[in-house]
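**Q** coordinates only, sequence not included:
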Ligand code: AHG
Ligand code: MN
Ligand code: MN
């Protein structure tokens, strides 16, 4: 039995600073997991009564999870600063810290009140300005710079997936000991799949190549793809990505024309980038339909981006249709 702490302290996996940041995040994940287990009894359901910088209504658990991560990481000297979906700007921590941490504290907020899977997503970047207080600009690095990324999925069991840029490992939380236990190293995604995830209610807002792609999948055996496909949609990216790491598949929240200010729904820095690194490290692909997600030069910590990720044959097909 290998615990996360044992795994993190093995020198070949990562550096002590990154290990320490991951350990802090994982410990907060235990707290969030306990709150979710008590659900309504822990007073975590419902609205917080305010909006985040992106104009989204915050749920109570969005705010609670954000505060837990913010407090724990601010108290860890390796952390120079954090950026979060729920914080307008970067928050400075230790100016001499080695790493920057970005997070979506609670992904899949619409699932909280209905007792369905939600998650926490995190991305760790190097801090390149040690000695001075962090600003938003320090976080504007491409996904390729990530030192580590991962998620915690709070489902029937709580699981953590992580990459340090050398494969993907998966852990399961033992609620009796509060230890994450390694269950799989070298997670791999099959190149072929017959499962896809998309919110099809946005069909009329997609660009023609995305409409054509989904039309091809729905045509099944009778269409150009020559096989039948099945839809799965968790409404929490963490849940959909977790399923893809477990058994393959493709997930997309594509470009749409619903709101000209939003060229996609998901945020590059704390949703798309960390998931793209995991997916690539597991042998899959992640694109905005044209460019590799990890190569996109960020201009804003909250910028949105179209996302297509998962089994390589499907992602390649989407790219070919958009070329
Ligand atoms: P968040 O709860 O952090 O705002 O993210 C929700 C995202 C993503 O997790 C999920 O795939 C998608 O929004 C669900 O969108 P729909 O409500 O359009 O299905
Ligand atoms: Mn999210
Ligand atoms: Mn969120």
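**A** Structure's in. What do you need? Treat the numbers as computed from the prediction; the structure is a model and nothing was measured. Numbering: from 1, shown residues only. Ligands and ions are numbered 1, 2, ... in the order given.
**Q** who's in contact with residue 23?
**A** Residue 23 is in contact with 4-5, 8, counting by C-beta atoms under 8 Å, 6 or more residues apart in numbering. From N, CA and C alone the C-beta is placed, and that goes for glycine too.
**Q** now the strands for the stretch 151-300 of the chain?
**A** Here the stretch 151-300 of the chain has its strands, by DSSP state E, counting those that start in this stretch, at 158-163, 168-174, 179-184, 195-197, 230-231, 250-253, 285-287.
**Q** quick one: buried residues of the last one?
**A** By that I understand strand 285-287. Applying a neighbour-count criterion of 16 or more other C-beta atoms under 10 Å, the buried positions in strand 285-287 are 285-287.
**Q** Please identify which of the residues you listed is nearest to residue 154.
**A** Of all the buried residues of strand 285-287, residue 154 sits closest to residue 286, with 23.0 Å by C-beta to C-beta.
**Q** Disregarding flanking residues, what is the spatial nearest neighbour of the closest one?
**A** Spatial nearest neighbour of residue 286, excluding adjacent residues (C-beta to C-beta, 6 or more residues apart in numbering): residue 276 at 3.4 Å.
**Q** repeat for residue 113
**A** residue 45 (4.8 Å).
**Q** rewinding a little: I figured the residue nearest to residue 286 hits residue 291, correct?
**A** No: look at residue 276 against residue 291 with C-beta atoms under 8 Å: they stay out of range, at 10.9 Å.
**Q** Tell me which of these two has more neighbours.
**A** Just comparing residue 276 and residue 291: by other C-beta atoms under 10 Å the higher neighbour count belongs to residue 276, 30 against 13.
**Q** quick one: the more buried one and residue 174, what's the gap?
**A** Distance of residue 276 to residue 174, given as C-beta to C-beta, to the nearest Å: 29 Å.
**Q** same thing with residue 119?
**A** For residue 119 relative to residue 174 (C-beta to C-beta), the value is 19 Å.
**Q** what do you get for residue 212?
**A** Counting by C-beta to C-beta, the gap from residue 212 to residue 174 is 46 Å.
**Q** ok, the closest residue to ligand 1 within the stretch 151-300 of the chain - contacts?
**A** With C-beta to the nearest ligand atom, the shortest gap between the stretch 151-300 of the chain and ligand 1 falls at residue 237, namely 3.5 Å. The neighbours of residue 237, taking C-beta under 8 Å, 6+ apart as the test, are 107-108, 119, 121, 251, 253, 266, 271, 275.
**Q** Mind telling me the two of those farthest from one another?
**A** 119 and 253 (15.0 Å).
**Q** More neighbours: those two, which one.
**A** Per other C-beta under 10 Å, whichever of residue 119 and residue 253 has more neighbours is residue 119, with 29 against 22.
**Q** I'd guessed that one sits against residue 158; true?
**A** No: using C-beta under 8 Å, residue 119 makes no contact with residue 158, being 9.5 Å away.
**Q** Tell me the residues that contact both of these two, please.
**A** residue 152.
**Q** now the nearest residue to residue 38 once chain neighbours are set aside: how far from ligand 1?
**A** Spatial nearest neighbour of residue 38, chain neighbours left out: residue 44 (7.7 Å); criterion: C-beta to C-beta, 6+ apart. Taking C-beta to the nearest ligand atom, to the nearest Å as the measure, residue 44 falls 14 Å from ligand 1.
**Q** Contacts only, for residue 44.
**A** The contact partners of residue 44, taken as C-beta under 8 Å, 6+ apart, are 35-36, 38, 60-61, 64, 112.
**Q** Would you reformat the contacts of residue 237 as a markdown table and include distance to ligand 1 and pLDDT?
**A** Shown next, in a markdown table, are the contacts of residue 237 (distance: C-beta to the nearest ligand atom, whole Å; pLDDT from 0 to 100):
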| residue | distance to ligand 1 | pLDDT |
| --- | --- | --- |
| 107 | 4 | 98 |
| 108 | 5 | 98 |
| 119 | 8 | 98 |
| 121 | 8 | 99 |
| 251 | 8 | 99 |
| 253 | 6 | 98 |
| 266 | 6 | 98 |
| 271 | 7 | 98 |
| 275 | 10 | 99 |
